[in-house]
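Enquirer: coords below, sequence missing:
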């Protein structure tokens, strides 16, 4: 009996320390003896005190709410930290939230081991740093690969999951201060009183962590939910319906953030259904929200199946409306002009809207980057976008600077990331995908951080606390190399040379360049994008083709227009080239394509090898789980190479160079293979691989 | 209507010339105008005339049955060919069969393009060159991977498949002169009068092609079929039963060849069931067959689940009986002491039986070499065995020379090959596997031919006739390299360093070193053979272990006994070595094992690449079919590497060196994966690979 008890105890201990990834990058805890004082009381500052008490090792810390000019200049989220770990440290801010952010900064500083002396003044580059959840009321998550939606609508408002607060804490620790709870493909029902009362519970939990709650709304809500005969934004009854609805919301959630709207896109309703413009629609909602300081985030992701190049449509739609939007409307623009491909040129809307607030939308969830199976550290992708020069106000008009208020005045500066979070124990379905959530928050705070800075921080915080320093010193160079090269590997085997949108229809997991569904929208078919034929491959967006290049500012437009100057990594995005076209490498296009796919496989294998090399330096649980993911990724890389090369070979009619690893799949089998997954489910890997 | 007709005609033409592999190496046909005369008439010489008329291009040919001393010396299968393609050629032999063999020689000589002048004297090294079919009466084929049994028992004796004669012709063209129609795991029913009348039909078809018919018999036939109370070979009634049965057989088939017997092996009945020896059993049958000049081929493949090393048992059983067998008994010995593994040391029975006729048994069908999915040209394996020096009568006592009558007098010299033939259109389930049927016949005729000689012949005959000479010149060096390296590749990824019998239980297709079936015979379990544990791996057959090495003659026994002199490619067959054992390469055993598996994968990929390179030089049909097979083979090579390394790593507890390609499979999935195939079916590849 005693023996049994001992075994039970041992099992419990093992369970407590299991490295299941649930603790994210917040793993450190000291003895909880730190001296922390504050000159104010409040729910938010209490969290700061609690976090510091639990984790800080060193002399006393003073939290100081103050209105000095120096502090005020930093804004409500900014803070100043001064002092020395041995003698005492003060954190000053003009807001409780600023103090909380300062506390998290200090703890990160401690855990990454930067010394004793600290003198830091910080404020964010974007005021609004927002997660978008594409979560449905039935708890499926569109493009979600980490389990179900965190929001347990059926149990709310009575039952409260402890993960709501854990979620808020994780976000606060990296500076995220807003969350859109529901899918942009929004159900009108989200605005029912029943549901708003549930939303209120979540908002109450998030508030002390400095996080505002937002909702995606369906533009037809007045009709669908309110029973009106129209949802025309200029209709008086519609206006009144929204006014009343917003009033109800603010009664429940006085600091409600506002609405996110996907309108007239992919079949969703919008103002154009009533002959109105996007501005008419957005402004009506903005007017209603204005008294409460609410905002409207209006998505620019709009396109219709017509003769116009899909990549051009958002620009054509919104540039004529520049200047017509209220100051509490922000146009939310995806990083690229199509749809979250592993590599896109930046959207030409950045910098082109000069009198309209504009915010970048990044996708943290890996819809087109291997779901939660492939490792793709996305900070490198987001930095590529943010650092891109639009030239709209001369050299140096980077995407970051045209959206953060540096170049164009914006009442609100904001950035959004589509979350990769679900009910999986490790939150993201893949331990390494946590880095993308982390990196989004850190870049939203400071887009000048490098992808390398961020990953080094994340590795130390995520793997360090339970390990010896020596292990982290060994781990860091290998894992940071892996992470920094990971997205390019995915690009290389999924969309070499700028090929794009050749993903399997609907779920976007594997390759399907051959996909052709009779009667389907042509702009959803891979052939629309790769345009492979006996003459060559690629989408001609040059001045001889759709002329999408003209939407970019000189000298970029000219650079992209000429295949000789257009970067090879995006060349087939902008050009249809003959199979024999001589690439910058000296190789013919077909051979270059073959070599690039092959090098993608090699890169995937290299990442896998790097991961195997970290085995001695981290816990066995996370090592094994991630190791399994890399096996999938390598197999998938080969699948991509084989599927695409064998398919495109039907057009090129040239052999795959013999020094390239031969294909191991049959084209006809790959063509007939269908994964039985929708847009809302995890890929069932067992279904893919029978052995 | 005319257009339709034209299409039908075109389709017919395409069909006629489809390269489906059905024509084997017998594809050449000229205009059928050759002048061929013969000094005798007969069914066999008629075939020779027909073949020459159809295929020979050149001056007239005389077939000359003669009894000159020169010709008589060559025996009934030998022949002399003299003359010049431009002026006339004569083929002389003391038998019609010799003339037929001479005709096939001449045609091969013509098709491989060796010049105008010919002066050749040929006779076979083995008198009996026999195919063993492991075909069951229900038309399943044990270890058959090329469809069903050729023998349509349900349709015989009335309906005659044209493939019976095609089969005989193919065999005759390469010198095979005997066929055992049914499985060594024999049904007693084969000896029923009904079935013997069907066998007679086949024998009648084969006879003109110089092929004798044999049957495998079940030792319990007197009981099972005859209703006797015993099958004791020394029982008078049993003797009479067999005598009567044999009489019936010879009444139907006057030149019937004799019996093949698997007795007291793997659960089959035999003389030991009645306290008698193998000699008692074999001699009783031999006595009954003797008046008809029939023979008994008695298999030495006997072993029982006991404490003795399985590899030693056949030797222990048969050496004490040496000299006790009748002169029309031949002991049929598998090439190695265990069971047709991709590499085995030769069986120690070769040369050890000094006063007993002995014949090698090779397996043409690829039970342990990837079925009809993997390419493994087996002439290299057979040559390795035939050229092995037993040292039994001094240096140079090769397996070939101790079995072909050169060293020990034998009334009958013989060699058997377990056929890889079935109802598949291409006969062997894999176009390249035809080479093994061909090579068996050629080596049985002349074991001094090199594997390279034979494959060059085969390539020219198999791919040449419908192609231009230039293509063959390009094809030959690539394809012969592929073939010559193919078996070693399979050895490398299936049984590196002499690991053996770690195949999946029952069907033997993939890796299953972990297999452990409770209650199963331990000598059928992979663990019995690999003996992996935390200390090391391998079967200790040295003088410190089972001492199987002592069954070999000095100096070989000493060479094998010492791991320092034992060849690395068989070292774990003979030694249990520690994971850290320093190999001849300087690497530790574990690392060596890893590198060897990895190089097996690389070799498989190399073969695949070589095959892809022949695309321009051969027909599209066979190219594509074989290309598909290589995809399977490469995937399987990775499966072998992953399965074995991940499993053995559980014992070695050492990392797989990081410069080796990482595994893409999960050990637990590979362990749980079961192919739903028995010993009698083709592997259903679709079941293995879902995409």
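Expert: Nice, thanks for sending it over. Quantities reported herein were computed from a predicted structural model and do not represent experimental measurements. Numbers count the residues shown, from 1 in each chain, chains lettered A, B, ... in the order given.
Enquirer: can you give me the strands for the stretch 501-650 of chain A?
Expert: Shown for the stretch 501-650 of chain A, the strands assigned by DSSP state E, counting those that start in this stretch span residues A:536-537, A:577-578.
Enquirer: closest one to residue B:138 among these?
Expert: For the strands of the stretch 501-650 of chain A, proximity to residue B:138 was assessed by CB to CB; strand A:536-537 is nearest, at 53.8 Å. From N, CA and C alone the C-beta is placed, and that goes for glycine too.
Enquirer: Now do that closest one: which elements does it pack against?
Expert: Under the contact criterion of 3 or more CB pairs under 8 Å, 6 or more residues apart in numbering or on different chains; DSSP states H and E, strand A:536-537 touches strand A:577-578, helix A:589-613, helix A:620-652.
Enquirer: ok so, going back, buried deepest among the strands of the stretch 501-650 of chain A, which one?
Expert: Mean neighbour counts were taken over the strands of the stretch 501-650 of chain A using mean count of other CB atoms under 10 Å in any protein chain shown, and the top value, a mean of 22, falls to strand A:536-537.
Enquirer: Quick one: mean pLDDT over that one.
Expert: For strand A:536-537, the mean per-residue pLDDT is 98.
Enquirer: Stretch A:448-466 too?
Expert: For stretch A:448-466, mean pLDDT is 93.
Enquirer: neighbouring contacts of that stretch?
Expert: With CB atoms under 8 Å, 6 or more residues apart in numbering or on different chains as the contact definition, stretch A:448-466 has outside contacts at A:17, A:19, A:24-29, A:108, A:111-113, A:125, A:377, A:379-380, A:383, A:400, A:431, A:434-435, A:438-439, A:442-443, A:471-472, A:475-476, A:479-480, A:483-484, A:617-619, A:622.
Enquirer: Equivalent analysis for stretch A:191-203, please.
Expert: Stretch A:191-203 has contacts (CB under 8 Å, 6+ apart) with A:137, A:151, A:153, A:156-157, A:160, A:164, A:181, A:189-190, A:212-213, A:215, A:217, A:221, A:225, A:245, A:248-249, A:252-253, A:255-256.
Enquirer: Keep only those of those residues that are in helices.
Expert: Judged by DSSP state H, helices contain the following of the contacts of stretch A:191-203: A:164, A:221, A:245, A:248-249, A:252.
Enquirer: out of the residues you listed, which one sits closest to chain B?
Expert: Using CB to the nearest CB, the shortest approach to chain B within these belongs to residue A:164, at 34.6 Å.
Enquirer: ok, now how distant is the nearest residue to the closest one once chain neighbours are set aside from residue A:24?
Expert: Closest residue to residue A:164 in three dimensions, ignoring its sequence neighbours and counting by CB to CB, 6 or more residues apart in numbering or on different chains: residue A:205, at 4.7 Å. Residue A:205 is 17 Å from residue A:24, where distance means CB to CB, to the nearest Å.
Enquirer: Tell me if stretch A:632-646 is near chain B.
Expert: Yes: interface with chain B: stretch A:632-646 contributes A:634-635, A:639 (CB under 8 Å from any CB of the partner chain).
Enquirer: mind listing what's buried in that stretch?
Expert: Residues of stretch A:632-646 classed as buried by neighbour count (16 or more other CB atoms under 10 Å in any protein chain shown): A:632-646.
Enquirer: Residues contacting it, please?
Expert: Residues contacting stretch A:632-646 (CB under 8 Å, 6+ apart): A:370, A:373-375, A:489, A:493-494, A:499, A:502, A:510-513, A:593-594, A:597-598, A:600-601, A:603-605, A:607-608, A:656, A:663-665, A:667, A:670, A:685, A:688-689, B:662, B:664, B:691.
Enquirer: that older thread, make TSV out of the helices and strands packed on strand A:536-537 and add mean pLDDT.
Expert: Formatted as TSV, the helices and strands packed on strand A:536-537 follow (pLDDT from 0 to 100):
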stretch	mean pLDDT
strand A:577-578	98
helix A:589-613	98
helix A:620-652	97
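Enquirer: Distance-wise, check residue A:133 relative to chain B.
Expert: 32 Å (CB to the nearest CB, to the nearest Å).
Enquirer: so how far is residue A:430 from that residue?
Expert: When distances are taken as CB to CB, residue A:133 and residue A:430 turn out to be 18 Å apart.
Enquirer: now residue A:254
Expert: With the distance defined as CB to CB, residue A:254 ends up 38 Å from residue A:430.
Enquirer: ditto for residue A:560
Expert: Distance, residue A:560 to residue A:430, using CB to CB: 34 Å.
Enquirer: burial measure for residue A:603, as a count.
Expert: By the criterion of other CB atoms under 10 Å in any protein chain shown, residue A:603 has 19 neighbours.
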